[in-house]
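Colleague: Got a predicted model here, sequence first, then my questions.
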Amino acid sequence: MNRRQLIKQATGVALSLNWNPLKARAVKVISKTIPGTSETLPVIGLGTNRYSIGDAEHQACLKQALRTFHEHGGTLIDTAPIYRSSETILGQLIKTLGIRDQLFVATKSDRAADDSGPERLANSFTQLQTEQLDLVQSHNLRGVDTMLPVLREQQIAGRIRYVGITTSRGNQFTEFLDVMNKYPLDFIQVNYSLVDREAAERILPLAVDKGIAVLANLPLGRGALFKKVGDRPLPDWAIEFDCTSWAQFFLKYVISHPAVNCAIPGMTQSRHVVDNLGAALGRLPDAAERRRQEQYLDGL
């Protein structure tokens with residue numbers, strides 16, 4: 001059974017339980033508290049690297065995916081100026097759907113302050129059609145030393161709520177740790193999945209020690225996890241933590257880490273939204289079950 005078949009089966013189960021967009025607000029999705037605040041975030045967010053302006057059919061697909069995400073209780077949307085037209089299309093769709101006040105919008109800064117950084121940041125506000133951004137992150141540490149002070153100034157002025165840094169590359173981890181120790185940060189974003197666990201060695205523990213919220217990017221391992229399991233059925237014991245698909249198996253592992261506040265898989269289609277947000281329902285694996293997940297994957 002491939003992922004599409006698994007999603008279809010899981011969606012059928014969800015619908016049989018009357019879990020649909022119109023009733024989603026009655027469903028209690030798992031949320032975690034942002035350290036140092038009383039604010040919570042649902043543990044599954046929306047990655048938008050592949051959101052782009054296209055033909056009418058493509059636009060309608062993205063609009064439905066975003067609507068489904070919102071209706072199923074999702075709030076955090078992560079984008080970036082470098083994601084081509086992602087900020088532009090999201091700004092349009094969010095305005096059309098009238099859901100800005102219910103979302104946590106995160107974007108990134110990817111230029112130094114002396115190299116168009118502030119101008120590029122100003123453009124993010126314009127493209128996303130918002131007066132305030134919930135989170136702005138230094139993208140892969142680009143311009144981090146000059147732009148973090150600028151982001152802090154914007155935070156003090158009330159234009160940005162939270163400030164952070166990101167990486168999606170293990171070869172940046174040493175520098176990433178240095179920045180975490182050098183600057184006060186509200187959030188970090190780092191690559192972490194069942195097939196990529198290096199962040200759990202030093203970065204995630206340091207985030208806990210410093211009270212920094214964590215967003216996990218590439219939680220499905222760039223598709224490597226689906227390739228690894230192939231057409232195997234889920235292990236029977238996955239149902240013990242309310243898991244009905246491989247996507248949920250992989251995502252529940254990530255969001256069950258004590259340091260991780262939210263995983264942000266890329267989702268452009270409603271069926272993926274429904275499947276992935278299923279990971280935010282029911283029970284998460286405990287420490288022993290997480291080890292079992294690791295052992296299972298390592299044994300393939």
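Modeller: Thanks, I have the structure now.

Colleague: Run through the strands of the stretch 151-300 of the chain in chain order.
Modeller: Assigned by DSSP state E, counting those that start in this stretch, the stretch 151-300 of the chain shows strands spanning 160-166, 187-191, 213-217, 262-263.

Colleague: list the helices and strands the shortest one packs on?
Modeller: If contacts are counted by 3 or more CB pairs under 8 Å, 6 or more residues apart in numbering; DSSP states H and E, strand 262-263 sits against strand 213-217, helix 246-255. Backbone N, C-alpha and C define where each C-beta goes, glycine included.

Colleague: out of these, which comes closest to residue 227?
Modeller: Of all those, helix 246-255 sits nearest to residue 227, with 10.9 Å by CB to CB.

Colleague: where along the chain do the helices fall?
Modeller: In the chain, the helices defined using DSSP state H lie at 3-16, 56-71, 86-97, 117-127, 144-156, 173-182, 203-210, 224-229, 246-255, 270-277, 287-298.

Colleague: Tabulate these (a markdown table), appending mean neighbour count, distance to residue 43 and mean pLDDT.
Modeller: Listed next are the helices of the chain as a markdown table, based on neighbours: other CB atoms under 10 Å; distance: least, CB to CB, whole Å; pLDDT from 0 to 100:
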| stretch | mean neighbour count | distance to residue 43 | mean pLDDT |
| --- | --- | --- | --- |
| helix 3-16 | 15 | 17 | 44 |
| helix 56-71 | 18 | 13 | 96 |
| helix 86-97 | 20 | 21 | 98 |
| helix 117-127 | 17 | 25 | 97 |
| helix 144-156 | 18 | 24 | 97 |
| helix 173-182 | 15 | 22 | 98 |
| helix 203-210 | 16 | 15 | 98 |
| helix 224-229 | 15 | 18 | 98 |
| helix 246-255 | 26 | 4 | 98 |
| helix 270-277 | 24 | 9 | 97 |
| helix 287-298 | 14 | 15 | 98 |
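
Colleague: Including distance to residue 135, could the ones you listed go into a markdown table?
Modeller: Output for the helices of the chain, formatted as a markdown table (distance: least, CB to CB, whole Å):
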| stretch | distance to residue 135 |
| --- | --- |
| helix 3-16 | 29 |
| helix 56-71 | 17 |
| helix 86-97 | 14 |
| helix 117-127 | 11 |
| helix 144-156 | 10 |
| helix 173-182 | 16 |
| helix 203-210 | 15 |
| helix 224-229 | 26 |
| helix 246-255 | 18 |
| helix 270-277 | 20 |
| helix 287-298 | 27 |
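
Colleague: Please identify which of these is closest to residue 80.
Modeller: So among the helices of the chain, helix 86-97 is nearest, using CB to CB, at 6.8 Å.

Colleague: contact partners of that closest one?
Modeller: Contacting residues not belonging to helix 86-97 are listed as 48-49, 51-53, 59, 62-63, 66-67, 70, 77, 79-81, 100, 103, 105, 107, 123-124, 127-130 [CB atoms under 8 Å, 6 or more residues apart in numbering].
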